[in-house]
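Asks: Quick one: sequence plus predicted model below, questions after.
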Amino acid sequence: MEKVSVLFVCMGNICRSPTAQGVFEAMVREAGLEAHIRIDSAGTHAYHVGEPPDRRASEAAARRGIDLGSQRARRVSTADFGRFDYILAMDRSNLDDLLNLCPPGHEARVRLFLDYARDIDLQDVPDPYYGGIHGFQQVLDLVEAGALGLLEDIRRRMERLDEA
């Protein structure tokens, strides 16, 4: 079975995208698919390269049993567009940044993460950085919804690849 790869992207790679990475890793592990899905996160800006996720993001995730401790922020590179099947922006601003960086022919890999969330009328996962803990909890709620839909989409993709 071919490995599917997912890259979650926000601005600094310390709040939203590492949360999405951690939540999705847990879902993939629970589904027994960790050998078939590669997951990473990155930022469109280099503000926090090498730093761990924001303490508030890590604490909110830990309360839901998600460990973000091994992650370190990095910046998206042009090589990522060839390495990842799904490049998922947390908001429209980062989507625009990704599309501006994207080499021709890879645009179809770049989407908004919440496009996969059912029953959610938002396009953007709001940046919780300048707010309180409630913002980090909201990010987790939105990320969990998006991750469920994404996992369903990847399962369908894997089934199509197996049939081919």
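Replies: Now that the structure is in, tell me what you want to look at.
Asks: got the buried residues for the helix or strand Val28 falls within?
Replies: Here Val28 is covered by helix 16-30, with elements defined by DSSP states H and E. When neighbours are counted by 16 or more other CB atoms under 10 Å, the buried residues of helix 16-30 are found to be 16-28. Placement of C-beta: from N, CA and C, glycine included.
Asks: swap in stretch 134-144?
Replies: Residues of stretch 134-144 classed as buried by neighbour count (16+ other CB under 10 Å): Gly135, Phe136, Gln137, Gln138, Val139, Leu140, Leu142, Val143, Glu144.
Asks: Provide a list of residue ranges in this structure with pLDDT below threshold.
Replies: 1-2, 164 (pLDDT under 70).
Asks: Can you tell me which of the buried residues of helix 16-30 is nearest Leu161?
Replies: Proximity of those to Leu161 was ranked by CB to CB; the top entry is Val28 with 16.3 Å.
Asks: That closest one and Ala35 touch, don't they?
Replies: No: in this structure Val28 lies outside contact range of Ala35 using CB atoms under 8 Å: 9.5 Å.
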